[in-house]
Every structure is written in C-alpha cells, then in structure tokens.
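K.L.:
what would the 3D arrangement of this be:
(chains A and B)
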Amino acid sequence: MTIDKTLIERKVVEYIGKNTHIDLQMLTPQTLLFKEGIFDSMAFVLLIDFIEETFGIKPGDEDLVEENFESIDSITRYIGKKTEIDVT
Amino acid sequence: MNAFNYLFENTSLLEKNFILGPGETISLRELYTRSLKLADYLSANYGQNQNILLLAPNSIFFVVAYLAIIKSGNVVVPLNPEIEQGNLDFIKDKCLSKLTFTTTHLAKRIDFTNDRIFDEEMVRRIISDNSTSIIMTDVMPSGQLAEIIFTSGSTGEPKGVMISHGNLIANTGSIIEYLGLRQEDTMLVVLPFYYCYGLSLLHTHLRVGGSIVLNNMFIMLGGVINDLKRFKCTGFAGVPSHFQILLRKSDSFRSTRFPDLRYVTQAGGKLHNAFISEFINAFPDIRFFVMYGQTEATARLSWLPPERLPEKIGSCGKAIPGVELKVADEHGNPVKPGETGEILARGENIMQGYYKDPELTGLTLKKGWLYTGDLATVDDEGFIYLTARKKEIFKIGGRRVSPKEIEEVIMLMPQVIDCTIDAVFDEILGESMKATVVIRDTAAVTVDTIKSWCAARLALYKVPQIIELKDRISISATGKTLRK
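P.N.:
Here you go, the predicted model:
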C-alpha cells in the first residue's frame, strides 16, 4: 500500500507555505523552488527534517540531488517513490 | 596596475578550461577575450569610475561582468541576489548607480528603477560584436577602487567596504603563497562570489591558471560529493556550516575517499574544535587550513599551517604574508599571552575605508591599523585565538546578519513592545537566531505571524528560527534591553 500522492502533495505544499511564508497562490507544482528564490539552503535542511519526520524517509546522499527537490512535483514524486519502496 | 592585468598576467593565453562542468565551461583564453571585449564596451560608452551593480548566481555571466567592470576602470558592486528591495534601494541611492548587470530572471523579480540593465542576452550581443574598440590604459594607481562590497553593519544599514586594485592584488598574492596554489589546482566553489571569501577563490585560481568548479547547490550533498570526485578537485573552501553539514548530515562523506583532494580551507567564523578533530581524523591526508579574515581586509588576514593544527587547535594562526597582526589593549599596545585584546591589522590588503562614511572609517582605520572588532588572545608563540566579536554581528550559516536589522523589522509590528535577537549555537548553521519578543496582547500575535512578518520583509536566512513570546521586558541598569 502506498500513501496517496495527493496527500503527499498537500502536506508538502502546507509545509512550504508555513515555512517560507509565501503566498501559496503564487506556487504551482512546477515552480522551481531554488531557482525562483523560494527555498534557500537553510530552508532545504529543514525540509529534509520534515520529510524524515512526516514520511519516515531519511534521504541519503545519493538522493540529495537537484532533480529530486527542485519543485513540489519532484518532491512529491520523490516521496512517493520512497514510500512505495518502504511501505510496500 | 589594473587588477585584471595582474590576474591574467601569466594565464590569458591558456586554452585549458578555467570553469569546469557540470554546467557551462570556459577556457582562460576565452574568459580573457570576452571580459576584455565587454570592458572595452563599458569604457567607450560609460567611461570610468562609475559604480556598477552586479547581481547573479556564480556563473560565467557573473565572472565576465565582474572582470570587465574592473578592467574598464569602473567599480563593481557585487550583491546577494536574495537582497531585500529596501536594502537594494539604499545601496543604489548611495552608489548613484545607473548600470546593473543581472540575469533576466532576477530583473523580473527585483525593481532596478531606472538602471540600464545588462542581462545575459545583452552581454552576448556586446561580446559578439566585431566593431573595433578603444585601447584602454593599463596604468592605474594602486589606490584606485576596484570594488565595493556591502556587508551588514551593526547599525542595521549595509556598509560599503572599498577595495582597491592594490588591495586585491596584495591579498591574492599572499593567499597563493601560503596555500601553495598551482596551475594543477582545481577548486570546488560553493561560496557565492558576492562574498569576499568566494571572490578570493576566483582571484587566486585565475592568477595561477588553475580551474574552478561551480556548485551553487551545496545542500544537495550527493552533487557536492560527486563533483569533488568527478572533477578531481584538489581544494574545497567552506564556512563552518559547510563542514558541519558534511560531517553531520551526509551519510557517505566520511567514508568516501577523495584521492585528489589536497587541502580544504575554513574561514567565515569559528568552527568548533570537535568538528575540526572529526575532519582531520577522518581525512588524515587532506591538509586542513584554518583561516581568519574580513571583507575589510579584502578577504584574508591569518592562517594556521595544517602541520601545527593538532597542537594549536582552536587557533586561527598567525598573519599571512604581507600582513602584520597584533592583539592589542585599548591603547593599541600588544596584550600579554593569555590576555584578551582586539585584533588590529596592517598591510596592503586593508580596505580604503567605508564608502561615503568617513565617521565609521575613522573609527575603524586608525593610524594605519584596521580595528577588526574581533576579540582574541595570543599564546606564547604568538598564535591567535578568537574569543568573541566586539561588534554586534552574527554569522548565520557563514552570512553576516545584524541583529539590529531584524529587531527593527519586528519592532514595526504594531503589537510588539520590544524585541531582542540573540545568537544561539546551532549544530548545522553555526549560529542561529532567537528572537525574544515582548507583545501587548498574547492572543493577537503568534510565532507564525511574526515569522511571516519577517519573511515578507527580510531574506529567508534572516528570519529567526526560534521565537519566544513574552509579556514582560528585561532592562539592564543602563536602561538597555538585555542581550545575553
């Protein structure tokens, strides 16, 4: 069984909204979080802690590459992939 | 001598790549040619001695614009692309800038009012234009300004550190000497070029004809470790939080072997001894250089030879070549070993002063000495140990933050009576900020509303991580709010 993708996305969006204090209307699932200046490295460290606490995933170094975290879409995809592996 | 000529003196014809992948690459020869072309254009169309803003992530665009502005006899003002609009407006007004180099992307987000904008496309067009250019003079007094680097001032307003061509040349030469840099060296650059430490990596590797690898996403640790190995980097430079993250957050860094990595440098604040020991135990073959410096000294002031590190752990070493350092009492006399004093510095690398601020310059540069505001002790052999900062500036993830600036933003909230920002130890960031906020009505304000208020007005790294709400104020005997 896997966690519902929409649930993952909702939690990620909620987290980003709460911690970057940006207007969520400005965000789309494809918005580039680093390139658009929404995330800096400190916010990212906290995001990793959030992922660990909420989804029980501890991203290893090989996971810490831009493709996995550049947008809400990619973060959701990454968590989905990992939870599938972990929870199934 | 123009610092540009110094940097390219022995390297302008080299075909080897100066900037290596994973993204864009460029050879030394091409970098020289492009920068010269853009410098010609600037000189012919805008003359000299103008302050020109530069906002861009580390990239070929940044490096070409930076070098061209310096070569053209104008003054480059590199700024953090995350700068708040208010601080940008303040700097623009102060510098009377009319020209800005920035990316198309940033130009959409930031309001540069009436500035003439040079973006990537504009620079590409100028460089590819084949019209003949004027011949620029290479003669330049060493006190001529090359750049103004803005840093957080203790008043909360940014202060502009004026660096001359002579300053830049002097500090570059010293660093190359004590690090023993060579043409074979490749540096992994994770430090931004708007910061003096980052710029020193650019200057030194240009001068020796080395190479740099640009990695603007340090936090993607997998990418950092890959880059170090893939591009056979011989050097890595970081602030305390870089080393703390590598040692604490990475699951593979310590067990990875880096056969090409000859040395690492650490500056930008004090890294706790435990982390230094951990690093040198994990990598006994990698030379670890602890260094100390300030923007006011172009970048570097002291270094600790790696051979002495195990017995002098906690020390930031001694003066670099060409610099004189002393730890002095309030009369300017050297303190005895074990006593605390302020670090004073003298040398060709010391800034020309703070831009349009003679009062602050007068307080900082006295009788040829730079008063660093950093407190330290010395041991019997003259090794310096930093103890604290006299000036009230925090280093959050290596970036200077004025608590006063944050306090002023929070104090603008109508429900807030008082606010004090303290630095607390953070395992990852080095220091993080704690705001103690005294409010009128505890029901009207929450930790989240304060964080949102700050985030709307400050760059994200300046938003306090910890906020404590209080309904009473602590006042010292002198009437000041207490800062621990």
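
K.L.:
what sits against the closest residue to B:Trp453 other than its chain neighbours?
P.N.:
In this structure, B:Trp453 finds its nearest non-sequential neighbour in B:Met413, 5.6 Å apart by CB to CB, 6 or more residues apart in numbering or on different chains. Just so you know, the C-beta spots here come from the backbone N, C-alpha and C atoms, and that holds for glycine as well. By CB atoms under 8 Å, 6 or more residues apart in numbering or on different chains, B:Met413 lies in contact with B:Val445, B:Ile450, B:Trp453.

K.L.:
for the residue of chain A found nearest chain B, give me the pLDDT.
P.N.:
Residue of chain A nearest chain B, by CB to the nearest CB: A:His21 (3.4 Å). Note on A:His21: pLDDT of 72.

K.L.:
again, but for B:Gly153
P.N.:
Reported pLDDT for B:Gly153: 68.

K.L.:
I'd guessed B:Ile320 sits against B:Ser174; true?
P.N.:
Yes: the pair B:Ile320 / B:Ser174 is scored as a contact, 4.5 Å apart, by CB atoms under 8 Å.

K.L.:
overlap in contacts of the two?
P.N.:
Residues touching both B:Ile320 and B:Ser174 by CB under 8 Å, 6+ apart: B:Arg300.

K.L.:
what does chain A put close to chain B?
P.N.:
Residues of chain A lying close to chain B by CB under 8 Å from any CB of the partner chain are A:18, A:20-22, A:34-35, A:37, A:39-45, A:48, A:58, A:60-66, A:69.

K.L.:
please pick the buried ones from those.
P.N.:
When those are checked for burial by 16 or more other CB atoms under 10 Å in any protein chain shown, the buried set is A:20-22, A:34, A:37, A:39-45, A:48, A:61, A:63-66, A:69.

K.L.:
I'd say B:Ser200 and B:Ala297 touch.
P.N.:
No: if you go by CB under 8 Å, B:Ser200 and B:Ala297 don't touch, sitting 10.5 Å apart.

K.L.:
what ranges do the helices span in chain A?
P.N.:
A:5-20, A:41-55, A:66-69, A:72-87 (DSSP state H).

K.L.:
just give the nearest non-adjacent residue to residue 46, would you?
P.N.:
By default, I'm working from chain A. Distances taken as CB to CB, 6+ apart place A:Asn19 nearest to A:Leu46, at 6.3 Å, with adjacent residues excluded.

K.L.:
look at chain B instead
P.N.:
B:Leu99 (6.5 Å).

K.L.:
near chain A, which residues of the stretch 101-250 of chain B show up?
P.N.:
Within the stretch 101-250 of chain B, the positions adjacent to chain A are B:105, B:109, B:217-223, B:225, B:245, B:249-250 by CB under 8 Å from any CB.

K.L.:
which other helices and strands contact the longest helix along chain B?
P.N.:
Looking across chain B with DSSP H, the single longest helix is helix B:28-46. Judged by 3 or more CB pairs under 8 Å, 6 or more residues apart in numbering or on different chains; DSSP states H and E, the packing partners of helix B:28-46 are strand B:17-20, helix B:60-71, helix B:120-128.

K.L.:
now those in a markdown table, with mean neighbour count?
P.N.:
A markdown table is the format used below for the helices and strands packed on helix B:28-46 (neighbours: other CB atoms under 10 Å in any protein chain shown):
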| stretch | mean neighbour count |
| --- | --- |
| strand B:17-20 | 22 |
| helix B:60-71 | 25 |
| helix B:120-128 | 14 |
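
K.L.:
got TSV for the ones you listed, with distance to B:Pro358 too?
P.N.:
Below are those laid out as TSV (distance: least, CB to CB, whole Å):
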stretch	distance to B:Pro358
strand B:17-20	39
helix B:60-71	25
helix B:120-128	36
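
K.L.:
ok so, going back, which of the residues of the stretch 101-250 of chain B next to chain A count as buried?
P.N.:
Listed as buried from those are B:His105, B:Met217, B:Phe218, B:Ile219, B:Met220, B:Leu221, B:Gly222, B:Gly223, B:Ile225, B:Ile245, B:Lys249, B:Ser250; burial here means 16+ other CB under 10 Å.

K.L.:
of the residues you listed, closest to B:Met1?
P.N.:
Comparing these against B:Met1 with CB to CB places B:Phe218 closest, at 34.3 Å.

K.L.:
pretty sure the closest one sits in a helix.
P.N.:
No: counting by DSSP: H, G, I helix; E, B strand; the rest coil, B:Phe218 is not part of a helix but coil.

K.L.:
what's the burial count for the nearest residue to it once chain neighbours are set aside?
P.N.:
Excluding the flanking residues, the one nearest B:Phe218 by CB to CB, 6+ apart is B:Val190, at 4.2 Å. Residues near B:Val190, counting by other CB atoms under 10 Å in any protein chain shown, number 23.

K.L.:
now B:Val190: phi and psi?
P.N.:
Main-chain dihedrals, B:Val190, degrees, to the nearest 10: phi -110, psi -10.

K.L.:
wait, it sits on B:Ser241?
P.N.:
No: at 10.7 Å, B:Val190 does not count as touching B:Ser241 under the criterion of CB under 8 Å.

K.L.:
now B:Leu386: closest residue in space, sequence neighbours ignored.
P.N.:
Nearest non-adjacent residue to B:Leu386, counting by CB to CB, 6+ apart: B:Ala376, 5.0 Å away.
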